[in-house]
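Trainee: One predicted model, sequence on top.
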Amino acid sequence: MNVTLFHGYPDRVGKRSIWVGSGNGPASYVGGSAPTDQIIINQFQFYIDAITEISVSVSGTYYAIAQPSVAGVRANWFLRYYTASTGAEVSNATNLSAEKFIISGFGGFS
């Protein structure tokens, strides 16, 4: 997911930053233990330390949970998508590109 930060973010808190932004789901989701929808912030060399919540899509149909690839400040973060009504992970090849999510977290520049 390419995340477009909202106006005013990132905002500095000490040596780290808080941020909030939005993005759309993937055109063809692949889930499981190694999800493929990487969270990418539109700031050069901006790293994500943590995602602060589970994001429910604007339509309310799906929710996304962030998963790190490794522990630490240089982790890559990916989203896993679930159907809100059942709690089941979305099937592979599901098109979520029309679903908008708002996510927030902590991070910083290298």
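Mentor: Structure received. Owing to the predicted nature of the structure, the values given are computational and were not obtained by experimental measurement.
Trainee: List the contacts of the nearest residue to N95 once chain neighbours are set aside.
Mentor: Nearest non-adjacent residue to N95, counting by Cβ to Cβ, 6 or more residues apart in numbering: A27, 5.5 Å away. Where C-beta positions appear, they are placed from N, C-alpha and C, glycine not excepted. Neighbouring residues of A27 by Cβ atoms under 8 Å, 6 or more residues apart in numbering: N95, L96, S97.
Trainee: Could you grab the helix/strand/coil label for the last one?
Mentor: The one in question is S97. coil (DSSP: H, G, I helix; E, B strand; the rest coil).
Trainee: That one - how many residues pack around it?
Mentor: 12 (other Cβ atoms under 10 Å).
Trainee: For it, list the residues it contacts.
Mentor: S97 touches N24, G25, P26, A27, counting by Cβ under 8 Å, 6+ apart.
Trainee: Same check on M1?
Mentor: G23, N24, G25, P26, D37, Q38, I39, I40, L79, F101, I103.
Trainee: which of those tops the neighbour count?
Mentor: Busiest of the contacts of M1 [other Cβ under 10 Å] is L79, holding 25 neighbours.
Trainee: Can you tell me who it pairs with across the strands?
Mentor: Beta-bridge partners for L79, by DSSP bridges, are D37, A66.
Trainee: For it, list the residues it contacts.
Mentor: By Cβ under 8 Å, 6+ apart, L79 lies in contact with M1, G25, P35, D37, I39, A64, I65, A66, Q67, F101.
Trainee: Who are the contact partners of K100?
Mentor: Contacts of K100 by Cβ under 8 Å, 6+ apart are S22, G23, N24, S57, V58, S59.
Trainee: most centrally placed residue in this structure?
Mentor: I39 (4.8 Å; Cα atoms, centre = their mean).
Trainee: Pretty sure it sits against I65.
Mentor: No. With contact defined as Cβ atoms under 8 Å, I39 does not reach I65; the gap is 11.5 Å.
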